[in-house]
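Colleague: how would this look folded up:
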Amino acid sequence: MYKMILQINPTQERITMLVLVIMFCYITQEVHSATLPSDQYMPNTTQRDDKLLSPFTLIRFANSECNQDDYTGTCYTKWDCFTGFAGEKQVTANDVCSGGFGRCCVAKLGCGATSNKNNTWLMSPDFGESFNYGLDCVQTIIIDSSICQLR
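Modeller: Purely as a prediction, here's the structure:
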């Protein structure tokens, strides 16, 4: 009769734990990617495969100005663009910026909406059609105490 004893030394235990952490991070990233806003909600979006990044890769870039379709926007990740501009009428993130890691996020504020983001465009309803003098449209911009100018 043989007796089998399984012993795990501390090094094997650490490796096992590291493998479990890496698997958890990878699965979490995949689930997070699956819950991102679908391109069907973004008009005129060109099809493009997303980059698969290692769970340990962190990419940081400045939220600098960018241009998209004759509008000035701000460079954000695609996720930050759509989650950070919830009150805006229309948000587009078609053009890439920051070396392909960001999207040029252009927010257009409709009637009754509020924003605290840079480069938000105030849009008149029925823009391009004849002017309706009886229409009230309230748009609220929340500014930081350091802001001294709106244009």
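
Colleague: I'd like to know which elements the longest strand seen in the chain is packed against.
Modeller: Secondary structure of the chain per DSSP state E: the longest strand is strand 102-109. Using 3 or more CB pairs under 8 Å, 6 or more residues apart in numbering; DSSP states H and E as the contact definition, the elements that strand 102-109 packs against are strand 65-68, strand 71-76, helix 78-84, strand 90-92, strand 96-97, strand 120-122. C-beta: built from backbone N, CA, C; applies to glycine.

Colleague: by mean pLDDT, show me the worst of these.
Modeller: When the helices and strands packed on strand 102-109 are compared on average pLDDT, strand 90-92 comes out lowest at a mean of 72.

Colleague: need the helices and strands packed on strand 102-109 in CSV (columns: distance to C148).
Modeller: Rendered in CSV, the data for these read as follows (distance: least, CB to CB, whole Å):
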stretch, distance to C148
strand 65-68, 18
strand 71-76, 19
helix 78-84, 23
strand 90-92, 26
strand 96-97, 26
strand 120-122, 17
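
Colleague: in a markdown table: the ones you listed, plus mean neighbour count.
Modeller: Conversion of the helices and strands packed on strand 102-109 to a markdown table gives the following (neighbours: other CB atoms under 10 Å):
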| stretch | mean neighbour count |
| --- | --- |
| strand 65-68 | 16 |
| strand 71-76 | 21 |
| helix 78-84 | 18 |
| strand 90-92 | 19 |
| strand 96-97 | 20 |
| strand 120-122 | 17 |
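
Colleague: just to revisit the earlier point, beyond the longest strand of the chain, next helix or strand please.
Modeller: For strand 102-109, the succeeding helix or strand toward the C-terminus, using DSSP states H and E, is strand 114-115.

Colleague: pLDDT on stretch 105-115, on average?
Modeller: Mean pLDDT, computed over stretch 105-115, is 83.

Colleague: could I get the buried residue list for it?
Modeller: Buried residues in stretch 105-115, counting neighbours by 16 or more other CB atoms under 10 Å, are found at C105, V106, A107, K108, L109, A113, S115.

Colleague: how long is stretch 84-99 end to end?
Modeller: Taking CA to CA, to the nearest Å, the first and last residues of stretch 84-99 lie 21 Å apart.
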